[in-house]
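K.L.:
Return a 3D structure for these sequence lines:
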Amino acid sequence: MALVYPRKIELAQSPTPLQYLERASEKWGCGHRIWVKRDDLTGSTLGGNKVRKLEFITAFAIDNGYDTLLTCGGLQSNHCRATAFAGAQLGLAVHLLLRGEEPQDLEGNFLLDHLAGAAVSCYPLKQYVNHLDDLFHQWQEHYAAQGRKALVVPTGGSDGIGAWGYIAACEELVRDFTTYGIERAHVVTATGSGGTQTGLTLGAALHQLPATVWGINVCDDEAYFLDKVASDAADWRRRYPEAPDVAIEPRVLDGYVGPGYAVADPEIFELIAELGRLEGLVLDPVYTGKAFAGMLAEIGNGRFEGSRDIVFVHTGGIFGVFPQRSGFSIATVNAQ
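P.N.:
Modelled structure (predicted):
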């Protein structure tokens, strides 16, 4: 059965390059070749993994008569920033429900949310965690009373609609593998809301990509993400019953969250600085820095033996570096 995609709106700069990290491979690869899928290059304010999902989510919204996108995340959410700019580009109103007390300073993604014209509501952690569904419902009713129609977009754009973004990205990876002579690989991604991992896992099966997909969780734990990927995949199957039926086996590498979500150990900041010097590649301390560190640890543990190539999916997040600048020191960034 052929795979038929739903409509999408072209927002991302794609296909993105697959870049070989020669010096990183020599330093940390233990005989493996380390590659990076440069999804940090999908755009500027739309850069990162979220825009791939939003291409399908915004098309769904417009095709079904929605005029407002209602979504949520942390104060420095990459997804919320990307949604704000996608809405601005397409003439859709955007309302962001953010987790945490409103900051005194406008910086990073929080600043960009405002520059894109998004409405922003900040909620204390306890209220956000315990009553997010109620908040979504209240705001939907608020907009309905004004004659508007608001689509609730889940955290990270991670659901059956958003999964299409990385199902499609796997087509790029198939071509990348052919171009660079990669016979089989391990594909590694940070996983924070589960949608990118779900799309990659489904896409690898649907497009027969010769790869094993791993998510390295930056919050919660292995059990949570095994369930989340299975749940998002089930939502995809429910929404698109005509799609080919493929079996998937989600895989999560746990143990690299560190002190907590969006809180990194000094070693992560040191790795970010070192990779910047080594390859001109910038990671962030919330997602990609922890995932890259986890990947290197797993390489050292022999996790990926039997496959020469490892592909790290760079999901973006550079705007998240600036609010965490205190984690860097002159000594760290200038170390040789």
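K.L.:
List the beta-bridge partners for V311.
P.N.:
On the basis of DSSP bridges, V311 is bridged to W35, V187.
K.L.:
What count of nearby residues applies to it?
P.N.:
Number of residues near V311 (other Cβ atoms under 10 Å) recorded here: 24. Where C-beta positions appear, they are placed from N, C-alpha and C, glycine not excepted.
K.L.:
From what I see, it and V188 are in contact.
P.N.:
Yes. When contacts are counted by Cβ atoms under 8 Å, V311 is listed as touching V188 (7.0 Å).
K.L.:
Pull up the overlap in contacts between these two.
P.N.:
Counting by Cβ atoms under 8 Å, 6 or more residues apart in numbering, no residue touches both V311 and V188.
K.L.:
What residues sit buried inside stretch 322-331?
P.N.:
If you call a residue buried by 16 or more other Cβ atoms under 10 Å, then stretch 322-331 has these buried ones: 323-324, 327-328.
K.L.:
which SS class is V313?
P.N.:
For V313, the assignment made with DSSP: H, G, I helix; E, B strand; the rest coil gives strand.
K.L.:
And it, how close does it get to L200?
P.N.:
Plainly put, V313 is 7 Å away from L200 if you go by Cβ to Cβ, to the nearest Å.
K.L.:
Can you pull the residues that touch both of those two?
P.N.:
Taking Cβ under 8 Å, 6+ apart as the contact definition, V313 and L200 share the neighbouring residues 187, 189.
K.L.:
between the two, who's got more neighbours?
P.N.:
For V313 versus L200, neighbours defined as other Cβ under 10 Å are more numerous around L200 (32 against 27).
K.L.:
dump the residue contacts of R33.
P.N.:
With contacts defined as Cβ under 8 Å, 6+ apart, the neighbours of R33 are 20, 25, 308-310.
K.L.:
now for these, which pair is the farthest apart?
P.N.:
Pairwise distances across the contacts of R33 peak at 11.9 Å for Y20 and R308 (criterion: Cβ to Cβ).
K.L.:
Out of the contacts of R33, name the ones that lie in strands.
P.N.:
20, 309-310 (DSSP state E).
K.L.:
Any of these buried? List them.
P.N.:
Here, 16+ other Cβ under 10 Å leaves 309-310 buried among the ones in strands among the contacts of R33.
K.L.:
export the ones in strands among the contacts of R33 to JSON lines and tack on pLDDT?
P.N.:
Formatted as JSON lines, the entries for these read as follows, by pLDDT from 0 to 100:
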{"residue": "Y20", "pLDDT": "98"}
{"residue": "D309", "pLDDT": "98"}
{"residue": "I310", "pLDDT": "98"}
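K.L.:
Take the ones in strands among the contacts of R33 and lay them out in JSON lines including distance to L75.
P.N.:
Listed next are the ones in strands among the contacts of R33 as JSON lines, based on distance: Cβ to Cβ, whole Å:
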{"residue": "Y20", "distance to L75": "36"}
{"residue": "D309", "distance to L75": "37"}
{"residue": "I310", "distance to L75": "33"}
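K.L.:
quick one: low-confidence ranges for the chain?
P.N.:
By pLDDT under 70, the weakly predicted segments of the chain are 1, 331-333, 336.
K.L.:
G192: what's it in contact with?
P.N.:
Residues in contact with G192 (Cβ under 8 Å, 6+ apart) are 156, 217-219, 261, 286-287.
K.L.:
Revised request: answer the last question for A118.
P.N.:
Taking Cβ under 8 Å, 6+ apart as the definition of contact, the neighbours of A118 are 80, 83-84, 87-88, 94-96.
K.L.:
do you know how far it is from H79?
P.N.:
When distances are taken as Cβ to Cβ, A118 and H79 turn out to be 12 Å apart.
K.L.:
Next: G300.
P.N.:
31 Å.
K.L.:
Comparing the two, which shows the higher neighbour count?
P.N.:
Taking neighbours as other Cβ under 10 Å, G300 and H79 compare with H79 leading, 29 against 10.
K.L.:
Tell me the helices and strands packed up against the helix or strand that contains that one.
P.N.:
In the assignment (DSSP states H and E), H79 maps to helix 78-90. The contact analysis (3 or more Cβ pairs under 8 Å, 6 or more residues apart in numbering; DSSP states H and E) places helix 78-90 against helix 50-63, strand 68-74, strand 93-99, helix 108-115.
K.L.:
Cheers, nothing more for now.
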